[in-house]
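> Structure for the following, please:
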Amino acid sequence: MRPILLLLIFILSCSSTSSKNEPLGVSLNDFEVGKAKPQIKNDSYGPEYTGVRQNQEVGEKEPIIALVLGPGLNRTLGYTYFLKSLTRNNIKITIISGSGMGAVVASHFAAGKSPEKIEWLFYKFLNEVKGKRAFSSTWINELENKLLHDFKNASIQELDITLVIPVFNKKKFKVTNLKRGSLYSSLRAQFMFYHPKMKENISTPLQWAVYNGKYLKKLGADIVIGVDVLADKIELEVEDGFLYGYYGKMIRKIKKERKDLDHLFTLPFFDVPLDSEKNLPKNIQLMKHVSEEMVASIKDSIVDWKQRQAKLR
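Just a heads-up that it's a prediction; the model follows:
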């Protein structure tokens, strides 16, 4: 009995000694405690483990860049050339948004389509709506068939890039930024005007706002870039007094909202009618040079952001 008791005491003493040691010969001092930081993905924030070895060099943090594409009907084809420049220069867009036709371009890009593919889709659409009044029933039908068809069963939160679609919510009577739900419905709403007797619950936000820069910064964006094709000139090939007034009000809104953006780039499409392909080839050639200058400015902002972050460490 006595030898068995001594054996038990010996085993207990060994186990208590080993519990004071680090397992598997790894010192816990070699690691920092992992922290959770917000990560934008699929319309939600999720924890991302950031624990690393202290002697392991940590990769340089990149800013969260949000891109907002404004309205402009046919002129928004120019956004594809701006996106080409961003892609060519490896500037990663984490969040993308847009209003009007800019929302359509943003959605195709968020869905993983290349700028070249988006450009091809837009040319097919433009060929079908030549001479047709913008927002007419035939124009809307071509829009749905050529540019929105791919999104009929798509959800905003399921795309490759975080997408935010602003709409006017009739029940809340304010602009709401959608991060989930039917992509097709939110894009279809971009071309519907609010009126008190309308049956639909959502409509275009453009009667109230154009750029949602303030909201995107609250969402977590470090740099918010707005792109505009309206500038100060509205021209329509098919005369329409309502649309002249509609887009004229947008120009005034843009001037007020630019303070919420880190950059607001205006693309050189001033002499292109909103509803025509007139002068498009000439302006596209000019875009190739201008977009590179804009990208250089974005790169400078990224460098400045990194320098500010380094000082905070």
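> next one: phi and psi at residue 155?
phi -110, psi 150 (degrees, to the nearest 10).
> Quickly note the distance from it to residue 113.
17 Å (Cβ to Cβ, to the nearest Å). From N, CA and C alone the C-beta is placed, and that goes for glycine too.
> ok, now residue 238?
29 Å.
> Then residue 260?
According to Cβ to Cβ, residue 260 and residue 113 sit 28 Å apart.
> who has more neighbours, residue 155 and residue 113?
residue 113 (19 against 15; other Cβ atoms under 10 Å).
> show me what contacts the more buried one?
residue 121 (Cβ atoms under 8 Å, 6 or more residues apart in numbering).
> What does the pLDDT read for it?
Residue 113 is assigned 97 on the pLDDT scale.
> Work out for me the element residue 104 sits within.
helix 101-110 (DSSP states H and E).
> Report all helices and strands that that helix contacts.
Under the contact criterion of 3 or more Cβ pairs under 8 Å, 6 or more residues apart in numbering; DSSP states H and E, helix 101-110 touches strand 65-69, helix 78-88, strand 95-98, helix 115-128, strand 162-169, helix 183-189.
> looking at the ones you listed, which is closest to residue 275?
The closest of those to residue 275 is helix 115-128. By Cβ to Cβ, the value is 9.5 Å.
> the inter-axis angle of that closest one versus helix 101-110?
If you take axes from the mean of the first three to the mean of the last three Cα atoms, to 10 degrees, helix 115-128 sits at 140 degrees to helix 101-110.
> Show me which residues of helix 115-128 are buried.
Judged by neighbour count using 16 or more other Cβ atoms under 10 Å, the buried positions of helix 115-128 are 115, 118-119, 121-122, 125-126.
> Can you point out the buried residues in the helix or strand following that helix?
As assigned by DSSP H and E, the chain's next helix or strand after helix 115-128 is helix 137-143. For helix 137-143, a neighbour-count test (16+ other Cβ under 10 Å) marks 139-140, 142-143 as buried.
> Export these as TSV, with columns for distance to residue 91 and pLDDT.
Output for the buried residues of helix 137-143, formatted as TSV (distance: Cβ to Cβ, whole Å; pLDDT from 0 to 100):
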residue	distance to residue 91	pLDDT
139	34	96
140	34	96
142	32	97
143	29	97
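> With respect to residue 187, which of those is nearest?
For the buried residues of helix 137-143, the nearest to residue 187 is residue 143 (9.0 Å; Cβ to Cβ).
> Residue 190 is in contact with the closest one, correct?
No: using Cβ atoms under 8 Å as the test, residue 143 is too far from residue 190 to be in contact (9.6 Å).
> and the residue lying closest to residue 134 once chain neighbours are set aside, what pLDDT?
In space, and not counting its chain neighbours, residue 134 is closest to residue 275: 4.7 Å by Cβ to Cβ, 6 or more residues apart in numbering. At residue 275, the model reports a pLDDT of 90.
> Help me confirm that residue 275 comes into contact with residue 73.
Yes: counting by Cβ under 8 Å, residue 275 does reach residue 73; the two are 5.9 Å apart.
> Identify the contacts common to these two.
With Cβ under 8 Å, 6+ apart, residue 275 and residue 73 have common neighbours residue 134.
> quick one on the thing from earlier: kindly present the buried residues of helix 137-143 as TSV, with separate columns for distance to residue 222.
Putting the buried residues of helix 137-143 into TSV (distance: Cβ to Cβ, whole Å) gives the following:
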residue	distance to residue 222
139	38
140	37
142	38
143	34
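> Pull the most distant pair out of those residues.
Maximum distance among these (Cβ to Cβ): 7.4 Å, for 140 and 142.
> Contact partners for the spatially most central residue of the chain?
The C-alpha lying nearest the average C-alpha coordinate of the chain belongs to residue 96 (Cα atoms, centre = their mean; 0.6 Å). Contacts here follow Cβ under 8 Å, 6+ apart; on that basis residue 96 touches 66-69, 106, 109-110, 161-164.
> farthest-separated two in these?
Among the contacts of residue 96, 69 and 162 lie farthest apart (Cβ to Cβ), at 14.5 Å.
> These two: who's more crowded?
Using other Cβ under 10 Å, the more surrounded residue of residue 69 and residue 162 is residue 69, with 29 against 25.
> my guess is the more buried one meets residue 227, correct?
Yes: taking contacts as Cβ under 8 Å, residue 69 lies within contact range of residue 227: 5.4 Å.
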